[in-house]
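Asker: Take this sequence and fold it.
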Amino acid sequence: MSGDEAYLVVRYEYTPGFGDIDAMSMGGQAHYWFGDYVKVGVTSNVNEEDDVDNNLHAADLTLRYAAESWFKLQKAKTEGLISMPLVSDDGGFEFNTYDPASFVNADAEAYRADISLSSNELLNYGNSQLTFYVQNVEAGYSAPGLTALTDTRNWGATFSMPIAETFSLSAKVDNLEQEQGLETEVQEVNLGYQVSYHWDVKAGYRTDTRTDRSPVVGLTQEQGERNDAILQFGYDSKSTWNAYGFVQDTMSVSGDREENARMGVGGSFRMSERLRVDTEISDGDLGKGGRVGTNYLHSDRTSLYLNYALENERTDNGLRSGRGSEGNLVAGVKSRIADSTSVFLEERYQHNDTMTGLTHGTGISFAPTEKWNVGINTDIGTLQDRQTGAETDRLAGGVQLGFGFDKLQLSTAVEYRNDDAEQLDQSRTERTTWLFRNSFKYQLNPGARLLGKFNHSDSESSEGAFYDGGYTEAVLGYAYRPIMNDRLNSMVKYTYFYNMPTTGQATLQNVAAEFVQKSHIASADVTYDISDRFSIGGKYAYRLGKVSLEREDPEYFDNTASLYVVRGDYRFREHWEFLLEGRVLDMADLDETRSGVLATVSRYVGDHLKVGLGYNFTDFSSDLTDLGYDHHGFFLNLTGAL
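Answerer: Numbering: from 1, shown residues only. You can find the predicted model right below:
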């Protein structure tokens, strides 16, 4: 959703420590329509880990009269801790969550009912629309995306109705009640009147109440009631321009809520068939405001975009998301100034019941020749926690540089990010992060290539060195495939790996990931095609590693290992392949050896993609930077080639 092309590269690593994990998760969902008017659905999720069983079961019923007239009922029940939400506002350095002990032996239910009624469909009269929803979640309910520590109730409604040809009426109500938590009430009514062919008048009134009944209320919290009224006059020339003016005032305010009086004017002017300019300026209690926008139908060099993603209902948690409707709005423009240069500017607005805010993004890509490319981007804005009122000021930027010849390809990038976060006691913490990414490829000859990468990240917290984090990965490899005998494929590789997670990062057991890892890994991998159908291969890797559980004064202990792999590939029919591996992991320092086999069945999809489904009968990975033993079971493998 940014102005530049996006490439997503994900590496997920979870290290459970030094104990084995024996867990299984199984679930499914099904829906069936009985004719055109009745739909029934069921959802089930069962989790077993050690001696603890957790499960979720849900059912839903939909009665549909027409597209805008329907009724839906959902009910769900959970036992135990199905899913613990981990929320990070700073890119994954620190996470907030609930206390897992609060969900031990928890048995909770939840239900939700939605109804939508259209007068045109039901009575064949008018065009009025009424919607209503109510949702109750008991304390201890736990599902992906919906977890309740206390009893929580949401309800709301909307109503819209045109009156004759000149009036329109709309109203909205939303309520949230949390036992020993935040309670919000919002009521809003709007009235529109078309005075004449060119003139219209709109008026609105809104009441907004916030009450925090938590045992301990943060100093950043805003509580009280605010009543706002707005009046807007508009004129539409029905040709090239329109204009409006509005006056908004806070009729009453209580508690520590801020007044929100504001006055402004705005409008739009169509300068040509392709260009329209929109402007608005205002001033009020919360500061000056302004908006300038364009709507331009230009050419193949300029593109305008507006993307909005709304998550209104989930199906894997048994009910709708407990955070309410979540949206992300991105509006911007990207223009190719010349054949070598393109720029983008955009506004990114996100809203939900936990976080809201506006950030501004800019960027430029510059490729002066076919061999060079340069990219620059920025991200500046403020996010506010809807629950506590705490604000986070964010400043981020990055530079990317690429260089390529026939034999040599280089790329490098530097990214900077600063988050200044307000705490509940109104103090502030600051985290500064630098990220460096570098990679290269060099073609020694038609059959040999050097490749490498160097990635480094450093994160410093104003709270002290104990909360800092760091990451380094350096790789140097040599690949050989002789053109005179292309049946042989081989690679040798050296990897240096250093990882010190921040203390705010957590494992699946919600324990701070405080260990520090340093590893030197050397590996050799060889594959030989015996025929068009059969291939054999092997791999040897050695890890000279150290691990420390102490952060400030590390005391490392050895963690060496040797990996032996023997494999065979068989290609059958036209697009299918079967792979079988034998694996041995020898850990001399622990005086322990693990062994087993891995099997995969794959299918080629087109010329560039291979999809495989396999089963790992061992519990370790062939990646020696991964210290975990949680790899037993089924896996999905995707392999792409350019």
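
Asker: Run through the strands of the stretch 401-550 of the chain in chain order.
Answerer: For the stretch 401-550 of the chain, the strands defined by DSSP state E, counting those that start in this stretch cover 408-422, 428-445, 448-461, 469-480, 488-500, 516-529, 534-548.

Asker: and those as TSV, adding mean pLDDT, mean neighbour count and distance to residue 206?
Answerer: Where C-beta positions appear, they are placed from N, C-alpha and C, glycine not excepted. Supplementary listing: those in TSV, determined by pLDDT from 0 to 100; neighbours: other C-beta atoms under 10 Å; distance: least, C-beta to C-beta, whole Å:
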stretch	mean pLDDT	mean neighbour count	distance to residue 206
strand 408-422	89	16	26
strand 428-445	91	16	31
strand 448-461	91	17	40
strand 469-480	92	16	43
strand 488-500	91	17	49
strand 516-529	91	17	52
strand 534-548	90	17	56
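
Asker: Take those and write them to TSV, including distance to residue 68.
Answerer: Output for the strands of the stretch 401-550 of the chain, formatted as TSV (distance: least, C-beta to C-beta, whole Å):
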stretch	distance to residue 68
strand 408-422	43
strand 428-445	47
strand 448-461	50
strand 469-480	51
strand 488-500	53
strand 516-529	57
strand 534-548	59
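
Asker: Tell me where this protein has helices.
Answerer: Secondary structure of the chain (DSSP state H): helices at 119-122.

Asker: Now for residue 176, how many residues are close by?
Answerer: By other C-beta atoms under 10 Å, the residues close to residue 176 number 20.

Asker: Tell me the bridge partners for it.
Answerer: Taking DSSP bridges as the rule, residue 176 bridges to residue 154, residue 184.

Asker: any weak-confidence spans in this protein?
Answerer: By pLDDT under 70, the low-scoring segments of the chain are 1-24, 49-52, 82-105, 274-276, 286-370, 386, 504-515, 552, 641-642.

Asker: who touches the nearest residue to residue 30 once chain neighbours are set aside in this structure?
Answerer: Excluding the flanking residues, the one nearest residue 30 by C-beta to C-beta, 6 or more residues apart in numbering is residue 42, at 5.7 Å. By C-beta atoms under 8 Å, 6 or more residues apart in numbering, the contact list for residue 42 reads 29-30, 57-60.

Asker: Closest one to residue 568 out of those residues, please.
Answerer: Ranked by distance to residue 568 (C-beta to C-beta), these are led by residue 29 at 38.3 Å.

Asker: wait, doesn't that closest one sit right on residue 43?
Answerer: Yes: proximity of residue 29 to residue 43 meets the contact threshold set by C-beta atoms under 8 Å, at 4.6 Å.

Asker: more neighbours, the two?
Answerer: Taking neighbours as other C-beta under 10 Å, residue 29 and residue 43 compare with residue 43 leading, 22 against 13.

Asker: Quick check: beta-bridge partners of the more buried one?
Answerer: Per DSSP bridges, the residues bridged to residue 43 are residue 29, residue 58.

Asker: any idea how far the residue nearest to residue 30 lies from residue 32?
Answerer: In this view, residue 42 and residue 32 are 9 Å apart by C-beta to C-beta, to the nearest Å.

Asker: Ok, residue 412 next?
Answerer: From residue 412 to residue 32 the distance is 54 Å (C-beta to C-beta).

Asker: Residue 441 too?
Answerer: Here residue 441 is placed at a distance of 53 Å from residue 32 (C-beta to C-beta).

Asker: Repeat that for residue 589.
Answerer: Taken as C-beta to C-beta, the span from residue 589 to residue 32 is 56 Å.

Asker: do residue 593 as well
Answerer: Taken as C-beta to C-beta, the span from residue 593 to residue 32 is 51 Å.

Asker: ditto for residue 58
Answerer: Look at residue 58 and residue 32: by C-beta to C-beta, they are 15 Å apart.

Asker: Also residue 455?
Answerer: For residue 455 relative to residue 32 (C-beta to C-beta), the value is 49 Å.

Asker: How about residue 390?
Answerer: 46 Å.

Asker: quick one: which of the two has more around it?
Answerer: The neighbour comparison of residue 390 against residue 32 (other C-beta under 10 Å) goes to residue 390, with 22 against 9.

Asker: Correct me if wrong: the more buried one contacts residue 421.
Answerer: Yes: with contact defined as C-beta under 8 Å, residue 390 and residue 421 form a contacting pair (7.1 Å).

Asker: which other residues reach stretch 117-127?
Answerer: 65-69, 128-131, 161-162.

Asker: can we see that at 7 Å?
Answerer: With C-beta atoms under 7 Å, 6 or more residues apart in numbering as the contact definition, stretch 117-127 has outside contacts at 65-66, 68-69, 128-130, 162.

Asker: Quick one: mark the members of those residues that sit in strands.
Answerer: 65-66, 69, 129-130, 162 (DSSP state E).

Asker: Now distance to residue 272 and neighbour count too, for those residues, in JSON lines please.
Answerer: What follows is the ones in strands among the contacts of stretch 117-127, written out as JSON lines (distance: C-beta to C-beta, whole Å; neighbours: other C-beta atoms under 10 Å):
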{"residue": "65", "distance to residue 272": "47", "neighbour count": "15"}
{"residue": "66", "distance to residue 272": "42", "neighbour count": "13"}
{"residue": "69", "distance to residue 272": "44", "neighbour count": "18"}
{"residue": "129", "distance to residue 272": "37", "neighbour count": "18"}
{"residue": "130", "distance to residue 272": "43", "neighbour count": "17"}
{"residue": "162", "distance to residue 272": "34", "neighbour count": "14"}
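
Asker: before we move on, back to that, could you dump the contacts of stretch 117-127 to CSV with distance to residue 114?
Answerer: Converted to CSV, the contacts of stretch 117-127 look like this (distance: C-beta to C-beta, whole Å):
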residue, distance to residue 114
65, 14
66, 15
68, 12
69, 12
128, 18
129, 14
130, 12
162, 23
